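Student: from the sequence below, what's the structure:
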Amino acid sequence: MTGPKTNERPGTRATLRGYHMSASKARVVLNLIRGEDVTTAREILAGTTREAADVIGKVLASAIANAVSNDEMSADELYVSACYADEGVTMKRFTPRARGRAGKIRKRSCHITVIVSRLDDERLGVLRAARSAQAAASRTRRVASSRRRADQTASLNSRETRAAQAEAEAAEALALEAENTEIAPEVELEADQVVTDETVSAQETDVAESVATDETVSDDATEETDK
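Tutor: Numbers count the residues shown, from 1 in each chain. Model prediction:
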């Protein structure tokens, strides 16, 4: 017994008719997303470099929008149940060749159809568990990354603090050295002043003794004169 016809398959569909591309090129990309959930299908199409990937991505988005707006389904519970490309109109053109002959040019087109349906409960549970595990792993990575950045910031701040303390200590040492340099000449000056004062007092003492000696001599001379 044959399967259901393409136009009788269950699900919500979107069709692009008459796109200027051969059906064989579109089928290469459609084979990649058949049976995948819509999130995975989008990721596959985003990472595919073929021209058909962009067009099929738009058809898939249209099918999802139809399922959400018309059939009231959740976009996270859908998967690509069927997708196919039929041959469209082929335009025949000719190009001149040697000896008066003509070469055929076939400009082909195709009709792209994407059908999405709701996942069964078993597969939906597996998908939700996988997404939860992926979200938990992503959160763990984010937490670890934030902690690592916090540790790096704290280490950098501690290094900056130590460097600032070292600079402050060096500045304080330079200030103390400058103060000691300024105080030393004053001490030397005071010492010189003390020595000078002692010298002056010694000279005054010598002068006083000399004056006293002169007075004694003059008194003796006066007494001899009186005799």
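Student: can you show me the helices along the protein?
Tutor: With DSSP state H applied, the chain shows helices at 23-33, 38-46, 51-69, 121-226, listed in chain order.
Student: what's the domain layout of this structure?
Tutor: Per automatic domain parsing, the domain ranges recorded for the chain read 9-119, 120-202.
Student: where are the low-confidence patches of the protein?
Tutor: In the predicted model of the chain, residues 1-7, 182-227 satisfy pLDDT under 70.
Student: same thing but 90
Tutor: Flagging of the chain using pLDDT under 90 yields the residue ranges 1-11, 71-72, 74-77, 119-227.
Student: how close does residue 27 sit to residue 83?
Tutor: 9 Å (Cβ to Cβ, to the nearest Å). For the C-beta atoms, the positions are set from N, CA and C on the backbone; glycine is no exception.
Student: compare these two (neighbour count), which wins?
Tutor: It is residue 83, of residue 27 and residue 83, that has more neighbours when counted by other Cβ atoms under 10 Å, with 26 against 17.
Student: in this structure the more buried one contacts residue 111, no?
Tutor: No - counting by Cβ atoms under 8 Å, residue 83 does not reach residue 111; the two are 11.8 Å apart.
Student: residues in contact with residue 19?
Tutor: For residue 19, the set of contacting residues under the criterion of Cβ atoms under 8 Å, 6 or more residues apart in numbering consists of 26, 55, 88, 109, 110, 111, 112.
Student: excluding chain neighbours, what is closest to the fifth one?
Tutor: Excluding the flanking residues, the one nearest residue 110 by Cβ to Cβ, 6 or more residues apart in numbering is residue 23, at 4.0 Å.
Student: from memory that neighbour sits against residue 108, does it?
Tutor: Yes - shown here, residue 23 and residue 108 form a contact pair, counting by Cβ under 8 Å, at 7.3 Å.
Student: excluding sequence neighbours, find me the nearest residue to residue 123.
Tutor: Nearest residue to residue 123 in three dimensions, chain neighbours excluded: residue 79, at 7.9 Å (Cβ to Cβ, 6+ apart).
Student: do the same with residue 15
Tutor: Distances taken as Cβ to Cβ, 6+ apart put residue 113 closest to residue 15, at 4.6 Å, once the chain neighbours are dropped.
Student: quick check: bridge partners of that neighbour?
Tutor: residue 15, residue 84 (DSSP bridges).
Student: what's the spacing between it and residue 11?
Tutor: From residue 113 over to residue 11 the distance is 11 Å, taken as Cβ to Cβ.
Student: give the residues shared as contacts by those two.
Tutor: With contacts taken as Cβ under 8 Å, 6+ apart, the residues that reach both residue 113 and residue 11 are residue 82.
Student: that older thread, tell me the most buried of the domains of the chain?
Tutor: domain 9-119 (a mean of 16; mean count of other Cβ atoms under 10 Å).
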